[in-house]
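>>> need a 3D model of the sequence below.
(one chain, ligands or ions: 1)
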Amino acid sequence: MINSMMNGMNLDAMEKSEQTTEPKQLKIYYAPMEGITGVHFRRVAHKHFPYVDKYYAPFVQPNQKKVFTPKEKRDILPENNDGIPLVPQVLTCAADGFIRAGKALEEYGYKEINLNLGCPSGTVVSKGKGAGMLEDPEKLDRFLDAVFAHDWRADISIKTRLGYDETSDFQELLHVFHKYPISELIIHARYRTDYYKGVPRMAEFEQALREYAGDIQADKMIQGKHETSVHNALSDGCGKTSLCYNGNIYTTEDYDRICQMYCRDYSGADRILLSVMIGRGLLANPALAREIRGGAPLVKEELQAFHDDIFAMYSGMDLGEKNTLFKMKELWNYWGTIFEDADKELKNVRKANRFSEYKPAVVNLFRNRELTDRRAYDI
Ligand SMILES: Cc1cc2nc3c(=O)[nH]c(=O)nc-3n(C[C@H](O)[C@H](O)[C@H](O)COP(=O)(O)O)c2cc1C
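The predicted model follows:
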């Protein structure tokens, strides 16, 4: 994975990482994953592994009739997320929809609201939402202009990709983003057309950092302040946006690599990147954030206790055996990757159609198979 993450990364950056002193820690965010990391899962995950700095909720989609569906409302109601540092996310291409949802979320007390510009799904993109908004930077500019014309008590952050496809110009998008007081720009280092496949495009991500830093510097020069340090420019309020990296962080080493590479900017000043967002890595290894912070590696018994609580929670929801098992098997797509040589045992888990088949299959897996040393989501 480490090698694969470094594909496309230029030597300049690699040399820099070797020269540098101890990098600073980056904040760790739990990525939103629609259909998986909803309120019920999130509560159990946070109880067992409370090591991430923030959770981003899967998107809500405001429409003409309703700001939130009952299910969306349940997911984001503060009383259902007590003690969880949650950031709700909105998916829409209509500025008034974003504003209505954003205002309702402010009323709930949220201090940050995230805009989804990354969802690659065909049905979303065909309506011009999610990563579909990256296809037309001028339209995106108009959308953001309307959104930021409002007074916001909450911070507005954005989760984006590098662009729609390889012909996209990320610099153009960055120029648009840079016009607005976005609190944090979370960059998933892929194009829409990459979906979640393959190796993140580190060279392009790095270029984005350079251009972003350059943008801020250029701005300062125009204002007649000839700072040489991007850090100064960032910290005195010209560039209000901090950056977050997202994509294929599956192990402590993957995190360390990102930290080494990007914790500092390209003029030698301290860090332009403040955080990382992790999705599949945390699903597969729920203790990954603890490990990154120097804590103990995940042990099998912890995963089993976590599994048992998740299973008890879903089975208590009256979803029916089939739907409950569907949800559990979705999680096994991730947990299954951190077991050593467990194909046979996992097959039994996957083919279980009744609780009476599922439970012994899971017990058998935990009893007879060990976790891999890497405990990394690997497919
Ligand atoms: C099943 C699934 C559902 C997702 N749902 C959302 C979502 O609701 N909002 C969003 O911004 N990203 C969503 N994503 C993208 C993730 O937040 C994240 O960007 C992606 O998994 C890459 O990060 P990773 O390599 O750490 O997993 C989803 C990804 C997956 C696999």
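
>>> from Ala284, how far out is the nearest residue to Asn80 once chain neighbours are set aside?
Nearest non-adjacent residue to Asn80, counting by C-beta to C-beta, 6 or more residues apart in numbering: Val39, 5.1 Å away. For every residue, glycine as well, the C-beta is placed using N, CA and C. Distance of Val39 to Ala284, given as C-beta to C-beta, to the nearest Å: 21 Å.

>>> what about those two, which has more around it?
Between Val39 and Ala284, counted using other C-beta atoms under 10 Å, the more crowded position is Ala284 (23 against 18).

>>> tell me the pLDDT at the more buried one?
You'll see Ala284 listed with a pLDDT of 98.

>>> for whichever residue of the stretch 151-300 of the chain sits closest to the ligand, what are phi and psi?
For the stretch 151-300 of the chain and the ligand, the shortest gap (C-beta to the nearest ligand atom) falls at Gly279, measuring 2.9 Å. With angles defined as degrees, to the nearest 10, Gly279 sits at phi -110, psi -90.

>>> Pro286 and Ala305 touch, don't they?
No: Pro286 is beyond contact range of Ala305, at 10.5 Å (criterion: C-beta atoms under 8 Å).

>>> settle it for me: which of these two has more neighbours?
Pro286 (26 against 12).

>>> quick check: closest non-adjacent residue to the residue of the stretch 151-300 of the chain closest to the ligand.
Looking at Gly279 with C-beta to C-beta, 6+ apart, the closest residue is Ala31, at 3.2 Å.

>>> quick one: secondary structure of Thr160?
The assignment at Thr160 comes out as strand when based on DSSP: H, G, I helix; E, B strand; the rest coil.

>>> quick one: it from Glu34, how far?
Distance from Thr160 to Glu34, by C-beta to C-beta: 17 Å.

>>> out of the two, which sits in the more crowded spot?
Between Thr160 and Glu34, counted using other C-beta under 10 Å, the more crowded position is Thr160 (25 against 14).

>>> Ile113: helix or strand, and which one exactly?
strand 112-117 (DSSP states H and E).

>>> do Leu185 as well
Assigned by DSSP H and E, Leu185 falls in strand 184-191.

>>> kindly export that strand (C-alpha atoms) in PDB.
Extracted C-alpha coordinates of strand 184-191, given in PDB (Å, rounded to 0.1, in the frame of the first residue of the first chain):
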ATOM      1  CA  GLU A 184     -11.900  23.400   5.300                       C
ATOM      2  CA  LEU A 185     -11.400  21.800   1.900                       C
ATOM      3  CA  ILE A 186     -11.300  18.000   2.000                       C
ATOM      4  CA  ILE A 187      -9.800  16.700  -1.100                       C
ATOM      5  CA  HIS A 188     -10.400  13.100  -2.200                       C
ATOM      6  CA  ALA A 189      -7.400  12.500  -4.500                       C
ATOM      7  CA  ARG A 190      -9.300  11.000  -7.400                       C
ATOM      8  CA  TYR A 191     -11.500  12.200 -10.300                       C
END
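
>>> show me the contact partners of that strand.
When contacts are defined by C-beta atoms under 8 Å, 6 or more residues apart in numbering, strand 184-191 is touched by residues 29, 112, 114, 118, 155, 157-166, 168, 177, 196, 198, 200-202, 204-205, 208, 241-247, 274-275, 277.

>>> stretch 146-153 - what's its average pLDDT?
On average, stretch 146-153 scores 97.
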